[in-house]
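In: no sequence for this one, just the structure:
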């Protein structure tokens with residue numbers, strides 16, 4: 001016959017085992033969630049920067065699309081086709097194409113690091129103004145100042161919208177495939193910014209896409225011309241240079257674009273926004 005003391009010990013042990021099991025289940029779910037986020041990142045950000053390293057500017061477009069399709073990279077969860085709130089504006093500029101330009105090395109840093117810089121994106125969905133921090137990200141701001149001055153971003157599509165796990169609109173690729181760039185790369189900057197505490201890129205943040213792989217820790221300093229605009233707080237590791245903040249009016253534009261949803265993934269593994277987001281002109285001004 002089991003004594004009261006033995007029974008008490010047995011119940012205590014069973015309670016302890018249940019607690020351990022719950023903790024292990026929670027840890028397993030957290031690991032699974034991190035894997036999902038990492039796979040989304042691979043799609044959202046891997047095409048961003050290292051154009052020179054990947055050879056994305058060599059060969060023809062068909063080869064690039066075939067390579068992307070063959071990679072078998074999973075895509076972010078697509079949503080069904082929704083009405084395009086920017087269709088009329090996009091139709092008016094449909095005949096205008098981006099220039100194909102490439103440089104072998106990063107331009108010399110000529111900006112005033114103590115000045116305030118604003119990049120204005122005049123898009124088919126509305127204007128988006130971005131206050132850029134030259135003091136914390138001088139190479140990045142200098143690159144945007146250089147590229148915008150050359151008309152590099154003019155008539156380019158924002159080719160990717162992610163509305164699951166993370167919430168970003170990605171732009172800056174003249175090819176519109178996630179594989180294009182300026183031919184050079186720039187260093188990572190400002191990765192310890194206080195705004196990134198807690199593993200979150202706050203809504204309104206503008207940051208660089210790159211090819212960094214957190215699993216292999218390969219791909220640092222691979223930013224190019226592609227960047228992403230965060231329209232809702234997003235859980236991301238601090239691996240992507242934050243260099244700007246979207247203004248209030250620009251956030252309304254981003255919300256409109258996000259509300260239209262994303263199309264199913266194409267052969268380049270992009271989930272394009274249903275809204276036809278084209279940057280008609282990008283300008284950078286100092287004050």
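Out: Great, that's in hand. Treat the numbers as computed from the prediction; the structure is a model and nothing was measured. Residues are numbered from 1 along each chain as shown.
In: which residues of the stretch 51-200 of the chain fall in strands?
Out: Assigned by DSSP state E, counting those that start in this stretch, the stretch 51-200 of the chain shows strands spanning 117-123, 126-132, 156-157, 160-164, 166-171, 200-201.
In: any chance of the ones you listed in TSV with mean pLDDT, distance to residue 193 and mean neighbour count as columns?
Out: To be clear about C-beta, it is placed using only N, CA and C from the backbone, and glycine gets the same treatment. Compiled in TSV, these are given as follows (pLDDT from 0 to 100; distance: least, Cβ to Cβ, whole Å; neighbours: other Cβ atoms under 10 Å):
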stretch	mean pLDDT	distance to residue 193	mean neighbour count
strand 117-123	98	17	21
strand 126-132	98	13	20
strand 156-157	98	27	24
strand 160-164	95	21	24
strand 166-171	97	17	24
strand 200-201	98	10	20
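In: to residue 209, which of those lies closest?
Out: With Cβ to Cβ as the criterion, residue 209 lies closest to strand 166-171 of those, at 6.1 Å.
In: okay if I get the strands of the stretch 51-200 of the chain as CSV plus distance to residue 225?
Out: Listed next are the strands of the stretch 51-200 of the chain as CSV, based on distance: least, Cβ to Cβ, whole Å:
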stretch, distance to residue 225
strand 117-123, 12
strand 126-132, 14
strand 156-157, 9
strand 160-164, 14
strand 166-171, 9
strand 200-201, 19
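In: who wins for proximity to residue 233 among these?
Out: Closest of these to residue 233 is strand 200-201, at 5.5 Å (criterion: Cβ to Cβ).
In: output the below-cut-off pLDDT ranges for this protein.
Out: For the chain, residues meeting the criterion pLDDT under 70 lie at 1-7, 27-81, 268.
In: in it, where's the longest strand?
Out: strand 278-286 (DSSP state E).
In: what's next to that one, contact-wise?
Out: By Cβ atoms under 8 Å, 6 or more residues apart in numbering, the list of residues contacting strand 278-286 from outside reads 86, 90, 93, 96, 111-112, 115-124, 132, 144-145, 147-149, 151-158, 171.
In: go again using 6 Å as the cut-off
Out: 90, 115, 117-124, 144-145, 148, 153-154, 156-157 (Cβ atoms under 6 Å, 6 or more residues apart in numbering).
In: what comes up buried for it?
Out: Buried residues in strand 278-286, counting neighbours by 16 or more other Cβ atoms under 10 Å, are found at 278, 279, 280, 282, 284.
In: of those, closest to residue 140?
Out: residue 284 (11.6 Å).
In: dig out what the closest one forms beta bridges with.
Out: Per DSSP bridges, the residues bridged to residue 284 are residue 119.
In: now it: how far from residue 17?
Out: Distance, residue 284 to residue 17, using Cβ to Cβ, to the nearest Å: 61 Å.
In: still on that earlier bit, what's the closest of the strands of the stretch 51-200 of the chain to residue 234?
Out: It is, among the strands of the stretch 51-200 of the chain and with distance given as Cβ to Cβ, strand 166-171, at 4.0 Å.
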